[in-house]
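Trainee: what shape does this take:
(2 chains)
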Amino acid sequence: MAHHSGTQPEFIDITLSKTQRKTPTVVHKHYQIHRIRHFYMRKVKFTQQNYHDRLAQILADFPKLDDIHPFYADLMNVLYDKDHYKLALGQINIAKNLIDNVAKDYVRLMKYGDSLYRCKQLKRAALGRMCTVMKRQKQSLEYLEQVRQHLSRLPTIDPNTRTLLLCGYPNVGKSSFINKVTRADVEVQPYAFTTKSLFVGHMDYKYLRWQVVDTPGILDHPLEERNTIEMQAITALAHLRSAVLYVMDASEQCGHTLEQQLALFNNIRPLFANKPLIVVANKSDVKKISELSEENQACDKLLTHRVDTKMKGKKVHDVLNRLHLAVPAKRDEKERPPFIPEGAVLRRKAMEVDSPKRKLERDLEMELGDDYILDLQKYWDLMNDEEKQDKIPEVWEGHNIADYIDPDIMKHLEDLEKEEDLKEKAGEYDSDSESEDEEMKEIRQLAKQIRDKRKLKVLESIEKDVHGPRMPRTSKKVDRTTLEKEMGDLGLDMSNKDDSHYAEKARRSRSVDRKRKREPSEPPTSRTRSQSASRPPRDKSGVRDAKMLKKVKTMMKNSQKGMNRQGKKGESDRHIVDLKPKHLLAGKRKSGTNSRR
Amino acid sequence: MRIEKCYFCSGPLYPGHGMMFVRNDCKVFRFCKSKCHKNFKKKRNPRKTRWTKAFRKASGKELTVDNSLEFEKRRNIPVKYKRELWNKTVEAMKKVEAIKQKRQARFIMNRLKKGKELEKEEAIVEVKKNIHLIRAPHAGKAKQLEEKMVQKLQEDVEMDD
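Mentor: Numbers count the residues shown, from 1 in each chain, chains lettered A, B, ... in the order given. Okay, the predicted model is just below:
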């Protein structure tokens, strides 16, 4: 049931407001009459449609008692009274038809409406009548709503599957049993009739799913006097094809004697026809069967000690028939007992004796107290016990010792050394004894000189100012000493060249324009100048003697050393020549870090 | 404790250094520094990256097949500790290391020998072509010429006599 039948005022309100919202709302007197009629007819029909749909839905959703399984039909009868139920649904049906008729009539009448007012009144009448019809259904709808809610909470008992049914007096332990056996959580209380309706649990047995149905307790009186709660149990008993577990309370804690329970059992016996029956003696921890008095011998015959989950349904027998356990046949007289390993036997014996066999590490720890050191190396399984406490080396000079460990390592080493000896004898390791002859050495030296000279020439040509004014070679005067030096380097003999022609020429040309040698300047003659002369110069004022002067001079020089070395103009020169020094920022990324960048 | 090898440059990875990357197929990659790691992420092939050991071995610049290299091998079956075996192993390691280094050095030297030949030839060619930069063509010849002339004069004088 998707939506509920609804409380009465809601139903009508919902439908009317829906009509209001979903149909056009605006109409005027001056519209054409067919348009006005159409407008109001639409409203009537819309309302009728809504009611019809909802009521039809209700009727469809509620189960027909004739169409469902007789167990459920009976259960519903017990719970809701078949007659009342059918009556309610019938009323709903009638209401539906009435509404349809009303709508039909008024739509027909609307065709003859000649003004807006008349059509409006007709529509009002139609809607009013429909709502009155619905108002009369209030009771039925309420009843159906209750039925719906209760029905939705009924447990889903599949009448066709394997089922176990628990029945018996109230308080015998049926609910406790189902709680134990399945995952159901049925309320268990000391008072009778704790369970008021049927409960279902599921369990697995032999890889099959079994339903276990818990019923409310049944009291011993005739069928007609039973109340609703008991009737549920009876219904279940009557209709479900299941194995029946009649639970008896051996300790009589439920408040009924064994005779009463037996009487009940006989009473409902006809219901057990065609169903496998097991009588369960519950609460045997309180009072064992053996303690029962002789009067109850008859019960003993019926009783079986089944408090665990070994149930027999009919279907199980079917399966058992098809199963067959194969056992190997004895082929000779030899005894073949099961094999139990010695260790297992010892362990079992030890468990029985229940004494600590060895001293535990914990005991040792307690003994030594503060001195205790956890030394797991003592448990190692080595060839020699003295080696257990050795500190094992792991690494040597970047190599892992574990990579070299080999039981045959000495043999391999010997082979290698032999090989090495052979190689040495064969002369592989002789250094290049190919001594070069003198000629080759000289050639190499010359080649080196040539290369150096070339580099120098290249540098010179780079330094040349090619973009400036280009002076012809003759503008430069060739110095005699440089000429002689250069030619001497090239290997020519430049000694005694005083009478060579270039020397002569130089002597002749240079004799004219020779500079006059400068004389030292004379001291000033005016007074102010002489005063400044008479005042001691700054670097000698305040200085007592030559020794002090020397010291002062060295101090001055020392303080200037740092600045001079860094090429600074003075102590305030903070200029940084090279903000991005190439040697720090350029170059490839070699082995190391990036932190300098 | 174990000194691992960097996947990219084959350098040693001491404990507490480098990074480890585990791929979805459970293969583990260890890197000694971020340079190797970054190169790996760029999907560069270590066998083609010139500065790695893998390249050097793959292009024959270093000794690859040799008996002395067979000693250091990762063994998956552990051997139980025996003091004498360990002692012997450590000594053997030292000897093997010495031999290994000798052989590796020899290998590289042999490889570089060819360069020496080329150098020689180059020097000869250089000298032949550019001797004029350091020697004037007639460097010693003036004196020779003088001596020759003196000799000739002497001869002439002798002849006259």
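Trainee: what's the local residue count around the closest residue to chain B within the stretch 151-300 of chain A?
Mentor: Nearest residue of the stretch 151-300 of chain A to chain B (Cβ to the nearest Cβ) works out as A:Y207 at 39.0 Å. (Each C-beta comes from the backbone N, C-alpha and C, glycine too.) Neighbours of A:Y207 under the rule other Cβ atoms under 10 Å in any protein chain shown: 6.
Trainee: with B:K114 instead?
Mentor: Neighbour tally, B:K114, other Cβ under 10 Å: 9.
Trainee: can you give me the strands in chain B?
Mentor: Using DSSP state E, the strands of chain B run over residues B:4-5, B:12-13, B:19-22, B:28-31.
Trainee: could you name the helices and strands sitting against the third one?
Mentor: Contacts defined by 3 or more Cβ pairs under 8 Å, 6 or more residues apart in numbering or on different chains; DSSP states H and E place strand B:19-22 against strand B:28-31, helix B:34-41.
Trainee: OK, contacts around the residue of chain B found nearest chain A?
Mentor: Nearest to chain A in chain B, going by Cβ to the nearest Cβ, is B:A139, at a distance of 3.2 Å. Shown in contact with B:A139 (Cβ atoms under 8 Å, 6 or more residues apart in numbering or on different chains): A:490-492.
Trainee: Three-state assignment for whichever residue of the stretch 401-550 of chain A sits closest to chain B, please.
Mentor: Ranked by Cβ to the nearest Cβ, the top residue of the stretch 401-550 of chain A for proximity to chain B is A:G491, at 3.2 Å. Secondary structure, DSSP: H, G, I helix; E, B strand; the rest coil: A:G491 is coil.
Trainee: where does the closest residue to it other than its chain neighbours land on pLDDT?
Mentor: Nearest residue to A:G491, sequence neighbours excluded (Cβ to Cβ, 6 or more residues apart in numbering or on different chains): B:A139, at 3.2 Å. Turning to B:A139, the model gives it a pLDDT of 74.
Trainee: on that earlier part again, do I have it right that the residue of the stretch 401-550 of chain A closest to chain B meets B:H132?
Mentor: No. A:G491 is beyond contact range of B:H132, at 10.6 Å (criterion: Cβ atoms under 8 Å).
Trainee: the two - which one has more neighbours?
Mentor: A:G491 (15 against 10).
Trainee: what sits against the more buried one?
Mentor: A:G491 touches B:134-136, B:139-140, counting by Cβ under 8 Å, 6+ apart.
Trainee: so how far is A:E442 from it?
Mentor: 14 Å (Cβ to Cβ, to the nearest Å).
Trainee: and A:L490, by the same measure?
Mentor: 17 Å.
Trainee: which of the two has more neighbours?
Mentor: Taking other Cβ under 10 Å, A:L490 and A:E442 do not tie; A:L490 has more neighbours (16 against 12).
Trainee: residue contacts, the more buried one?
Mentor: Here A:L490 is in contact with B:134-136, B:139 (criterion: Cβ under 8 Å, 6+ apart).
Trainee: make CSV out of the contacts of B:A139 and add pLDDT.
Mentor: Below are the contacts of B:A139 laid out as CSV (pLDDT from 0 to 100):
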residue, pLDDT
A:L490, 88
A:G491, 84
A:L492, 85
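Trainee: element containing the spatially most central residue of chain A?
Mentor: The centre of chain A sits closest to A:R183, judged by Cα atoms, centre = their mean, with a distance of 30.1 Å. Element membership for A:R183 (DSSP states H and E) is empty, with no helix or strand holding it.
Trainee: ok now do it, which residues does it touch?
Mentor: Counting by Cβ under 8 Å, 6+ apart, A:R183 has contacts A:201-202.
Trainee: the residue positioned nearest the centre of chain B - nearest residue in space that isn't next to it in sequence?
Mentor: Taking Cα atoms, centre = their mean, the centroid of chain B lies closest to B:I108, which sits 4.9 Å from it. In space, B:I108 comes closest to B:E62 once its chain neighbours are excluded; the distance is 7.1 Å by Cβ to Cβ, 6+ apart.
Trainee: just A:Q389 next, same as before
Mentor: That would be A:Q377: by Cβ to Cβ, 6+ apart, it lies 6.2 Å from A:Q389.
Trainee: is that neighbour in a helix, a strand, or coil?
Mentor: When classified by three-state DSSP, A:Q377 comes out as helix.
Trainee: number of nearby residues for it?
Mentor: Neighbour tally, A:Q377, other Cβ under 10 Å: 14.
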